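J.: with the sequence up front, the predicted model follows.
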Amino acid sequence: MSFSERISPFLGRVVIAYFFLSEAWMKLAGFEITVAQLHDEHVPAAAAVLVVALAIMFLGGLSLVLGYHVRQGALLLFAFTVIVTVVLNAYWTFADSSGRIAEFEIFVRNMAIAGGLLLIVGLGPGPFAFDNIGGR
């Protein structure tokens, strides 16, 4: 197994985890602002929904970084990403073209991240992961 085959899965997991962990940290730091934004999007029980979203983002991100229950963490983040993207970045509902273009770019970015998460679900964490300790 080459160096890139050994290190690439780990680095890929860390980069994707960084996305989720940094987003969760920013949303936690601006909790009230994020709740107000969710209210503007007509999300019911916005504060409770945000707490659940933060838990998913933190736990899923930690799973990817540590390599512990990686497939489950990636699947959870995949489902979360697809649901949030379809609900909050519905570019097809925008009448003005500039808003539609901006939402479309976010939509496509998030779907690409979801695709990367599916690769992790299918291929596993790679050699550098707690999941591989003890011959698992």
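T.: Yes, it's here.
J.: and the residue nearest to Tyr68 when sequence neighbours are not counted, how far is that from Leu76?
T.: Among residues not flanking Tyr68 along the chain, Phe130 sits closest, at 4.3 Å (C-beta to C-beta, 6 or more residues apart in numbering). Just so you know, the C-beta spots here come from the backbone N, C-alpha and C atoms, and that holds for glycine as well. Taking C-beta to C-beta, to the nearest Å as the measure, Phe130 falls 17 Å from Leu76.
J.: neighbour count: those two, which is higher?
T.: With neighbours defined as other C-beta atoms under 10 Å, Phe130 and Leu76 compare such that Leu76 has more, 18 against 14.
J.: where in the protein is pLDDT low?
T.: 134-136 (pLDDT under 70).
J.: what about Ala129, how many residues nearby?
T.: Counted with other C-beta under 10 Å, Ala129 comes out at 21.
J.: list the contacts for the residue nearest to Tyr68?
T.: Phe130 makes contact with Leu66, Gly67, Tyr68, according to C-beta atoms under 8 Å, 6 or more residues apart in numbering.
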